[in-house]
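*Asks:* Below: sequence and its predicted model.
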Amino acid sequence: MISHNVAQLPGAVLGFIPSPSSNVWHLGPIPVRAYALAIVTGIVVAVVLGNARWKKRGGLSGEVVDVAIWAVPFGIVGGRIYHVLTDWNAYFGPHGNPAQALRIWEGGLGIWGAVFFGAIGAWIGAVRHGIKLPPLADALAPGVVFAQAIGRLGNWFNQELFGRPTTLPWGLKIDPAHRPAGYEQYATFHPTFLYELIWNVFVGFFVIWADRRFKLGHGRAFALYIAMYTAGRAFVESVRIDEAAFLFGLRFNFMLAIVVSISAFIFIAISARSRPGRETPAELHRGGWSAPSGEQALNSMSAVLAKPGEAPASLSNNNVVLKPHGSGALMAAAATEESEGGDPDDELAAYDAESAGHAAESAAHEVESAAHCDESAEHQVESAAHDAESAAHAAAAEAATPNVTSTAAPTPKVQQTKSTSPGPRAPKAPAPRPTDVSREDDADGQAGGPPQSR
């Protein structure tokens with residue numbers, strides 16, 4: 001917002017950016033300070049964006065939070081320590097108040113100390129969770145610089161860290177209570193908070209573009225953020241008029257920014273030659289651990305559920321260990337790895353298509369199994385029908401055989417069977433009785449024939 005028609009001593013300006021009238025709000029007895037709100041918002045943005053970028057590189061969701069738990073407190077404390085050390089007189093000088101060194105909500109975080117100590121905290125968190133720090137730093141770089149941009153809004157609310165007086169239409173109006181000694185007669189100053197905010201947003205988007213375009217890895221994306229941020233910070237330091245440490249007649253932070261920027265560009269050049277490309281998902285964690293993806297994840301989880309007490313051989317053969325790392329273990333089964341040079345959206349669509357294909361194949365197998373069961377039952381029914389039909393034919397044939405009755409003795413059936421033991425012989429039929437011819441002879445004898453002796 002730019003206002004017009006305001007007088008300034010000793011001259012006048014055409015317009016200006018007003019400063020907020022208050023930097024604190026109250027929710028009942030609880031004070032909500034703009035500076036703290038800006039810092040917290042920046043942290044949330046950095047964690048959310050960093051987590052999304054980490055997953056695209058092959059990491060697990062939640063691992064960024066595990067590391068941030070260490071990095072954020074270290075960064076805040078380190079930033080405050082650096083600010084107090086470089087503005088020593090403001091707190092421990094003749095007119096200073098040492099107690100104000102602890103009043104962090106009033107502003108005063110040195111970015112150099114915040115990044116340095118925050119990196120130490122991130123390293124501790126990464127070691128505890130088996131994560132390599134360079135690829136994690138590459139994923140976090142854009143989010144960190146966006147967080148710095150948001151944090152600069154806190155300087156605006158506190159009316160601090162502005163530059164030299166100016167009559168430009170975007171000059172920042174500073175209340176008399178916040179004007180430094182020797183500048184009481186000026187009303188508008190260079191809004192260095194806005195210069196750095198705009199530069200930080202540009203750096204964040206540039207790092208995202210360069211990371212996609214050149215596949216930055218092994219800490220080069222983070223180094224690019226450092227190199228570009230410090231180059232812009234050198235310009236901001238040349239405009240600021242707040243109290244600071246000087247070395248050889250120059251602001252110490254200005255000289256530090258130049259040295260760090262040049263060193264970061266040198267690191268990028270050397271790293272690109274010695275270790276080109278980006279880390280594979282298996283290189284994100286110590287010990288070669290990588291998040292399972294696609295069918296491998298489904299098979300691995302199925303094997304674990306089927307045999308909870310045993311580790312499937314497929315897991316060790318593929319260098320996959322279903323070992324949870326903090327809150328990242330909650331989404332281990334759904335993690336996917338991004339192929340080098342591939343589009344994450346295309347990868348996700350391919351994974352969905354593959355999953356749908358497996359589901360369709362499983363359904364087809366179930367239908368085929370059911371069909372086999374039906375076919376088996378049909379064969380059983382058909383076999384039973386054949387058995388019933390055979391029994392019916394046998395019964396019909398037996399019923400159709402005639403029974404012959406006669407007064408004569410039935411002729412015995414002789415079955416010729418081969419047997420090693422002799423069976424009982426059939427009884428012989430009685431010999432025919434001889435005709436009684438003696439009576440006929442007697443008759444004949446009586447008729448004149450010689451008698452027969454008895």
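*Replies:* Good, I have the coordinates. Here the structure is a predicted model, which means the values were calculated and not measured.

*Asks:* From here on, just use CA atoms for contacts and neighbour counts.
*Replies:* OK.

*Asks:* which stretches of the stretch 1-150 of the chain have low pLDDT?
*Replies:* 1-14 (pLDDT under 70).

*Asks:* hmm, 50 instead?
*Replies:* Applying pLDDT under 50 to the stretch 1-150 of the chain flags the ranges 1-11.

*Asks:* Would you agree Leu168 falls within a strand?
*Replies:* No - assigned with DSSP: H, G, I helix; E, B strand; the rest coil, Leu168 falls outside any strand and is coil.

*Asks:* Burial check on it, number of neighbours?
*Replies:* 14 (other Cα atoms under 10 Å).

*Asks:* Surely it touches Ala187?
*Replies:* No - with contact defined as Cα atoms under 8 Å, Leu168 does not reach Ala187; the gap is 11.7 Å.

*Asks:* which residues of this protein fall in helices?
*Replies:* Counting by DSSP state H, the chain has helices at residues 34-56, 63-86, 88-92, 111-128, 133-158, 192-214, 220-239, 252-274, 294-306, 313-317, 344-400, 437-446.

*Asks:* could you dump those to a markdown table with distance to Gly28 and mean neighbour count?
*Replies:* As requested, the helices of the chain are exported to a markdown table (distance: least, Cα to Cα, whole Å; neighbours: other Cα atoms under 10 Å):
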| stretch | distance to Gly28 | mean neighbour count |
| --- | --- | --- |
| helix 34-56 | 16 | 20 |
| helix 63-86 | 27 | 21 |
| helix 88-92 | 31 | 17 |
| helix 111-128 | 32 | 20 |
| helix 133-158 | 21 | 24 |
| helix 192-214 | 31 | 18 |
| helix 220-239 | 38 | 22 |
| helix 252-274 | 40 | 16 |
| helix 294-306 | 50 | 16 |
| helix 313-317 | 55 | 13 |
| helix 344-400 | 46 | 12 |
| helix 437-446 | 158 | 12 |
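
*Asks:* JSON lines for these, including distance to Pro180?
*Replies:* Below are those laid out as JSON lines (distance: least, Cα to Cα, whole Å):
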{"stretch": "helix 34-56", "distance to Pro180": "20"}
{"stretch": "helix 63-86", "distance to Pro180": "17"}
{"stretch": "helix 88-92", "distance to Pro180": "12"}
{"stretch": "helix 111-128", "distance to Pro180": "22"}
{"stretch": "helix 133-158", "distance to Pro180": "14"}
{"stretch": "helix 192-214", "distance to Pro180": "15"}
{"stretch": "helix 220-239", "distance to Pro180": "14"}
{"stretch": "helix 252-274", "distance to Pro180": "19"}
{"stretch": "helix 294-306", "distance to Pro180": "61"}
{"stretch": "helix 313-317", "distance to Pro180": "65"}
{"stretch": "helix 344-400", "distance to Pro180": "51"}
{"stretch": "helix 437-446", "distance to Pro180": "179"}
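
*Asks:* closest to Ala99 out of the ones you listed?
*Replies:* Proximity to Ala99, assessed across the helices of the chain by Cα to Cα, is greatest for helix 88-92 (7.7 Å).

*Asks:* Can I get that closest one in CSV, CA atoms only?
*Replies:* The C-alpha trace of helix 88-92 is given here as CSV (Å, rounded to 0.1, in the frame of the first residue of the first chain):
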residue,chain,number,x,y,z
TRP,A,88,26.8,-6.4,21.4
ASN,A,89,26.7,-2.7,22.3
ALA,A,90,22.9,-2.6,22.0
TYR,A,91,22.6,-5.2,24.8
PHE,A,92,25.8,-5.0,26.9
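
*Asks:* Give the other helices and strands that it contacts.
*Replies:* Using 3 or more Cα pairs under 8 Å, 6 or more residues apart in numbering; DSSP states H and E as the contact criterion, no helix or strand is in contact with helix 88-92.

*Asks:* Residues contacting that helix, please?
*Replies:* 84, 95-101 (Cα atoms under 8 Å, 6 or more residues apart in numbering).
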